[in-house]
Every structure is written in structure tokens, then in C-alpha cells.
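S.K.: one predicted model, sequence on top.
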Amino acid sequence: MTPVIFTTTDVPKAKQFDAWRGWFDSVFDVTIDDPVQGFCATSETWNFGYLGLSRVRAPQLHATRTAQLVRRNPIDHWNITVGHTRTLGEAGREHAIDIPAYAPFVVSLGRELASYREADERLQLYLSRDAFPDVTAVLERVEGRPLNDAMGKLLAEFVVLLARSASAFSG
């Protein structure tokens, strides 16, 4: 199982952020404080059919998925994220989010989203909404909230294990 890898490592510093934005522009608008300083980042993505998994290592950024972007690219997958740093922003129906490091959280790409985070490595598990209709009610109830309980910790460990296993199969 070979991941799709995109990295700005070999791109000249002055063009790294534009390359990153170009890679993600159909899904997220990304902004940073100082693009001239460079933006050394890497994204690895594995496709498991109705599931996708990505590992993203990137500097501090602000990502948004506006109503315009949702209309332009109507992907509506669920996204379960486990990051190494705190995430702030808004998810779903203008619900403020404040997610501590290592706590998994759920957002829907079918709705507006804004997130801000420091430099981070994060894992993101994507579930096709159409392929998993039975979990919709559960995911909507927890959307934008840190999942700090025992089940949340189990979910985070599952996502980490899936990434470790996918990486092992890649070699």
C-alpha cells in the first residue's frame, strides 16, 4: 500500500507556501502569517476505499472551508483528527472548538470549518458519509468537541495504529 506523498521540502522557500496552497486549495483555504519565511510541510495519504488516512506535518496555519468552498467542492466526508498541538476555531454550525493536543475530534467537510493551530503533526481519518450512514447521528453529536473520555482515547489509539500499520505496508 503506497501513500500519495506531497512535500514542499524540495521547493524553493519563497514558493513553498504557494505549492502547499495549490495542493489543498480544492478542500481548504490555507493562510499563514509570513509566507516569505517558507513553509516546509509534508502530507502522506493512504486510500482504503471508503476510508482515507493522512499524516500531515506542517508549520503553524489557519485553514478554512467556507460556504463557497463547500459549494465548489461538495465533498462531505467525516474527518476524525488527532493532532499533537491544540486546535482552535469553529466547526459545524458555528460551534467554537478548542481541542487539546492528542484529543481526537470530529468535523464534517460538508459544513463550514475554520481551524487554527501551531506547527503540528496530525493524523486525519476520512470516512465517506455515504458509506457509513449508521454512524452519522453519533458523529453529529460529537462534532467539534474534544473526545477525552475512554472511548475517545481508544479512537485516537486506533487512528495511530492504522497510520503505523499503513506506514509499515508502504515499505
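M.R.: Noted; the coordinates are in hand.

S.K.: measure the residue nearest to Arg117 when sequence neighbours are not counted to Asp120 for me?
M.R.: If you skip the residues right next to it in sequence, Arg117 has Thr87 as its closest partner in space, 4.8 Å away by Cβ to Cβ, 6 or more residues apart in numbering. Heads up, the C-betas are built off the backbone N, CA and C, glycines and all. Relative to Asp120, Thr87 is positioned 8 Å away (criterion: Cβ to Cβ, to the nearest Å).

S.K.: neighbour count winner among those two?
M.R.: Thr87 (23 against 18; other Cβ atoms under 10 Å).

S.K.: buried stuff in the longest helix anywhere in the chain?
M.R.: Among the segments of the chain that qualify as a helix by DSSP state H, the longest is helix 150-170. Residues of helix 150-170 classed as buried: 152, 155-156, 159, 162-163, 166 (neighbour count, 16 or more other Cβ atoms under 10 Å).

S.K.: and those residues as JSON lines, adding pLDDT?
M.R.: JSON lines is the format used below for these (pLDDT from 0 to 100):
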{"residue": "Gly152", "pLDDT": "96"}
{"residue": "Leu155", "pLDDT": "97"}
{"residue": "Ala156", "pLDDT": "97"}
{"residue": "Val159", "pLDDT": "97"}
{"residue": "Leu162", "pLDDT": "95"}
{"residue": "Ala163", "pLDDT": "95"}
{"residue": "Ala166", "pLDDT": "90"}
